[in-house]
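Q: when you get a sec, could you give me coordinates for this:
(2 chains)
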Amino acid sequence: MLDDFMFRAALAGVGTAVAAAPLGCFVVWRRLAYFGDATAHAAILGVALALALDVSIFGGVVVAALAMGTVVSTLSGRGFAADTVLGVLAHSALAFGLVAVSFLSGVQVDLMGYLLGDILAVSRTDLLLIWGGAGVIVALIGLRWSALLTATVGPDLAMASGIDPRREQMVLTFSLALTVAIAIKVVGVLLIAALLVIPAATARGLARTPEAMALSAGATGSVAAVGGLGGSFMLDTPTGPTIVCLAALMFVVSVLLSGLQRTH
Amino acid sequence: MRDIAPPLIAVRNLGVRIGTLDVLRNVDLEIHPGEIVTIVGPNGSGKSTLVRAIVGAVRPHTGTITRSPALRIGYVPQKLHIDPTLPITVARFLCLPTRRTADQIAGALNTVGLPDLHKRQMSALSGGQMQRVLLARALLEAPDLLLLDEPTQGLDQRGSAAFYHQIEDVRARLGCAVLMVSHELHVVMSASDRVICLNGHVCCHGTPEVVATAPEYRALFGTGTQGALALYRHTHDHAHDDDHPQPGHHHEDHAI
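A: Numbering: from 1, shown residues only, chains lettered A, B, ... in the order given. Model prediction:
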């Protein structure tokens, strides 16, 4: 079955959705949407560096995203207006990345593939990286779930319970870098943040506990991935954006549904 | 009592600097098992910073904070804002970060006078309910020391009286020490074993009677003991002295 490119694509989409779900919830709860954007945009810089140094693209993206995540956490902890810092960093990372890629005259770079994803070209190695990465992310967040949640609810409460909120922030930064690296093939640099935020936001209206929200975000994201794949096949549209469009439609439906619930 | 057991918390020569501002300097303080100690002081006097330093949320610039070994702290912050995108029931909140049994949760909610609230969303709580849930969470830690940072802010007079009554109740039941920050001087004076008057440094301290008659305290709060009004007048009087809190008062060193 792994010989079928559609099957490999579906597995890649579901793996990415599973990894993005719990992390996306923290991105939403902690208002890190822009943070996710900046980290994802840094990935294109990582691609350029990896190609220039002739090392693994996965590795280059992880390093660049991790560096960006660390810079952003450090700067916003020092009293810079977080919003402005993220705005500057997110877009300049993208711009520098694109310029850097253009310098690589020797190699043929599929720029659109990195920007918008190329899920139909997922190889067996990619699948291994995606599911391996997703496993690491889910295990890491699962192990630290309680501490992460406490630090999210109140940093001072966490400190009083012996949890260091800065360490939990680092766990999230690392998971985010890894998520960017595995999602780049599926939806591309430009839409990774959407894959984090939209399923989590969709799940918000359906959940009464944090755990339920993370699980329904995973389900929503998986449905969007598989459905978007099918949709793009039928309509002959780009796959990554189609997945995000479907996720957005599901978000609208969930908002309408919870609005109906409230009025009745 | 003070000399028998070692202190739960010993603060020595504590200084905290935020940016370029010395929020606290030369603060010495000990909390002993079972006592209720209240910190009073005008706005911006470093009360919350002191509590947050004891919790570990602010790093000292100078000095040390020594906790007794295996000290369990129950902390009730001034307020807690939970992002509305985070769905969480009261029962789940009380299990952060340590899982509790349903019986423990029911017991803690009963103690703070909120039975049957465990299924409620945290975002749907009123201000008073939120403070009580925070207290319930602190109690579940089985604390040796309960830290309360202006726990009755936003409650009306009846609500805050009931809250302080509960604190005394809890102390009697658990035997824990209580360190709290409060604006409500009349309550403080009746409910505390010791009062610490803070204004960047420890101005004066002692039993409520001693502090109430200390000239430093009167310089800060006026001679009236009906706290809220005195405090208002006081801060209003000194509104122009922003960068130099309370220049008008003199104080001698008090042994601590």
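
Q: make it CA atoms for all contacts and neighbour counts henceforth
A: OK.

Q: ok, the residue of the stretch 151-264 of chain A found nearest chain B - contacts?
A: Per Cα to the nearest Cα, residue A:209 is where the stretch 151-264 of chain A lies closest to chain B, at 4.6 Å. Shown in contact with residue A:209 (Cα atoms under 8 Å, 6 or more residues apart in numbering or on different chains): B:86-89, B:92.

Q: show me these that map onto helices.
A: Secondary structure from DSSP state H places residue B:92 of the contacts of residue A:209 in helices.

Q: make CSV out of the contacts of residue A:209 and add neighbour count, distance to residue A:226 and pLDDT.
A: Formatted as CSV, the contacts of residue A:209 follow (neighbours: other Cα atoms under 10 Å in any protein chain shown; distance: Cα to Cα, whole Å; pLDDT from 0 to 100):
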residue, neighbour count, distance to residue A:226, pLDDT
B:86, 24, 27, 95
B:87, 22, 27, 95
B:88, 23, 30, 95
B:89, 19, 32, 94
B:92, 22, 33, 94
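
Q: return the residues in contact with the residue nearest to residue B:77 when sequence neighbours are not counted.
A: Distance criterion Cα to Cα, 6 or more residues apart in numbering or on different chains; nearest residue to residue B:77, sequence neighbours excluded, is residue B:149 at 5.3 Å. By Cα under 8 Å, 6+ apart, residue B:149 lies in contact with B:48, B:51, B:76-78, B:180-182.

Q: looking at these, which has the most residues close by?
A: Most neighbours among these, by other Cα atoms under 10 Å in any protein chain shown: residue B:76, with 26 neighbours.

Q: quick one: it and residue B:135 touch, right?
A: Yes - with contact defined as Cα atoms under 8 Å, residue B:76 counts as touching residue B:135 (6.0 Å).

Q: picking that back up, filter the contacts of residue A:209 by proximity to chain A?
A: B:86-89, B:92 (Cα under 8 Å from any Cα of the partner chain).

Q: can you report phi and psi for the residue in the stretch 1-150 of chain B positioned nearest to chain A?
A: As assessed by Cα to the nearest Cα, chain A sits closest to residue B:88 within the stretch 1-150 of chain B, at 4.6 Å. For residue B:88, the backbone dihedrals are phi -160, psi 130 (criterion: degrees, to the nearest 10).

Q: quick one: secondary structure of residue B:25?
A: Assigned by DSSP: H, G, I helix; E, B strand; the rest coil, the conformation of residue B:25 is strand.

Q: leaving out sequence neighbours, find the closest residue to it.
A: Nearest non-adjacent residue to residue B:25, counting by Cα to Cα, 6+ apart: residue B:15, 4.1 Å away.

Q: gap between residue A:27 and chain B?
A: According to Cα to the nearest Cα, to the nearest Å, residue A:27 stands 10 Å off from chain B.

Q: for that residue, what are its contacts?
A: A:33, A:36, A:196-197.

Q: most neighbours, which of those residues?
A: Counting neighbours by other Cα under 10 Å, residue A:196 leads the contacts of residue A:27 with 31 neighbours.

Q: can you tell me the element it falls in?
A: Per DSSP states H and E: residue A:196 is located in helix A:192-204.

Q: name the helices or strands packed onto the next helix-or-strand element following that helix?
A: Downstream of helix A:192-204, the next assigned helix or strand under DSSP H and E is helix A:210-235. Helices and strands in packing contact with helix A:210-235 are listed as helix A:5-29, helix A:192-204, helix A:239-263; criterion 3 or more Cα pairs under 8 Å, 6 or more residues apart in numbering or on different chains; DSSP states H and E.

Q: recalculate using a threshold of 10 Å.
A: For helix A:210-235, the packing partners by 3 or more Cα pairs under 10 Å, 6 or more residues apart in numbering or on different chains; DSSP states H and E come out as helix A:5-29, helix A:145-153, helix A:192-204, helix A:239-263.

Q: helix or strand for the residue nearest the centre of chain B, which one?
A: In chain B, the centroid-proximal residue (Cα atoms, centre = their mean) is residue B:180; its distance is 2.3 Å. Residue B:180 belongs to strand B:177-181 when assigned by DSSP H and E.

Q: before we move on, what about residue B:38?
A: Using DSSP H and E, residue B:38 falls in strand B:36-40.

Q: got the angle for that strand vs strand B:177-181?
A: For strand B:36-40 against strand B:177-181, the angle by axes from the mean of the first three to the mean of the last three Cα atoms, to 10 degrees is 10 degrees.

Q: state the next helix or strand along the chain beyond strand B:36-40.
A: Criterion used, DSSP H and E; the element after strand B:36-40 is helix B:47-55.

Q: quick one on the thing from earlier: which pLDDT value belongs to the residue nearest to residue B:77?
A: You'll see residue B:149 listed with a pLDDT of 90.

Q: how far away is it from residue B:114?
A: Using Cα to Cα, to the nearest Å, one obtains 21 Å as the distance from residue B:149 to residue B:114.

Q: now the helices for chain B?
A: Secondary structure of chain B (DSSP H): helices at B:47-55, B:90-94, B:102-111, B:127-140, B:157-174, B:185-191, B:208-213, B:215-221, B:227-237.

Q: need the residues of the stretch 1-150 of chain B near chain A, please.
A: B:19, B:52, B:54-58, B:72-77, B:79-93, B:95-99, B:119-121, B:134, B:138, B:141, B:147 (Cα under 10 Å from any Cα of the partner chain).

Q: filter the residues you listed to the buried ones?
A: B:52, B:54-58, B:72-77, B:79, B:82, B:85-93, B:95-97, B:121, B:134, B:138, B:141, B:147 (16 or more other Cα atoms under 10 Å in any protein chain shown).

Q: residue contacts, the nearest residue to residue A:61 once chain neighbours are set aside?
A: By the measure of Cα to Cα, 6+ apart, the closest residue to residue A:61 outside its immediate chain neighbours is residue A:46, 4.4 Å from it. Residue A:46 makes contact with A:40, A:52, A:56-65, A:67, A:93, A:97, A:100-101, A:181 under the criterion Cα atoms under 10 Å, 6 or more residues apart in numbering or on different chains.

Q: before we move on, the earlier item: got the angle for the helix holding residue A:196 vs helix A:210-235?
A: Angle of helix A:192-204 versus helix A:210-235, following the same axes, to 10 degrees, is 120 degrees.

Q: any idea of the mean pLDDT for helix A:192-204?
A: The average of the pLDDT scores along helix A:192-204 is 94.

Q: please apply the same query to stretch B:53-67.
A: The predicted model assigns stretch B:53-67 a mean pLDDT of 91.

Q: now the end-to-end length of that stretch.
A: 12 Å.

Q: right, and residue A:71 touches residue A:82 too?
A: No - counting by Cα atoms under 10 Å, residue A:71 sits too far from residue A:82 to count as a contact (11.5 Å).

Q: looking at those two now, which is surrounded by more residues?
A: Higher neighbour count among residue A:71 and residue A:82: residue A:82, with 18 against 15, using other Cα under 10 Å.

Q: next up, the contacts around that one.
A: A:32, A:34-35, A:72-73, A:75-76, A:88 are the contacts of residue A:82 under Cα under 10 Å, 6+ apart.
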